[in-house]
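Enquirer: I'll drop the sequence and a predicted model, then ask my questions.
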Amino acid sequence: MSAQRSELITASLAGAIDAWYTATIDGDTAIITLPDAPAIYLIHQPHEQVRWRTEGRKGLTIPLEDARARLAMVLGSGPPLVTSRF
């Protein structure tokens with residue numbers, strides 16, 4: 001993946017995470033699926049924080065900004081599919 005494409009995907013994903021957080025309330029969940037990797041669950045928490053949980057594992061509460069950076073690190077060859085569950 002080119003550096004430019006990677007930056008565009010990361011910026012787009014950061015915007016999508018921010019939009020999801022703004023449009024949801026505490027406890028709402030976004031499920032991010034990646035090929036050949038466990039699903040990632042982002043659970044809306046108060047004070048611009050999310051609970052980051054990987055399928056089958058315990059989660060941790062992190063700032064929204066850290067969730068953006070963490071998701072950028074997790075990205076592999078293409079953009080993830082994001083679905084919300086309210």
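Expert: Sure, I can see it.
Enquirer: What's the first helix or strand after the helix or strand encompassing residue 12?
Expert: Per DSSP states H and E, residue 12 falls inside helix 3-23. Using DSSP H and E, the next helix or strand after helix 3-23 towards the C-terminus is strand 29-33.
Enquirer: What lies in contact with the helix or strand following that following strand?
Expert: For strand 29-33, the following helix or strand on the C-terminal side (DSSP H and E) is strand 40-45. For strand 40-45, the surrounding residues in contact (C-beta atoms under 8 Å, 6 or more residues apart in numbering) are 17, 20-21, 24-34, 50-55, 59, 61, 67, 71, 74, 80. Every C-beta, even on glycine, is put in place using the N, C-alpha and C of the backbone.
Enquirer: which ones are touching residue 46?
Expert: Contacts of residue 46 by C-beta under 8 Å, 6+ apart are residue 26.
Enquirer: Now do it against residue 57, distance only.
Expert: Separation of residue 46 from residue 57 (C-beta to C-beta, to the nearest Å): 23 Å.
Enquirer: and if you look at residue 16?
Expert: In terms of C-beta to C-beta, residue 16 sits 23 Å off from residue 57.
Enquirer: quick one, which of those two is more surrounded?
Expert: residue 16 (17 against 10; other C-beta atoms under 10 Å).
Enquirer: ok, that one to residue 58 distance?
Expert: Look at residue 16 and residue 58: by C-beta to C-beta, they are 25 Å apart.
Enquirer: next one: residue 17
Expert: When residue 17 is compared with residue 58 (using C-beta to C-beta), they lie 21 Å apart.
Enquirer: more neighbours, these two?
Expert: Just comparing residue 17 and residue 58: by other C-beta under 10 Å the higher neighbour count belongs to residue 17, 20 against 7.
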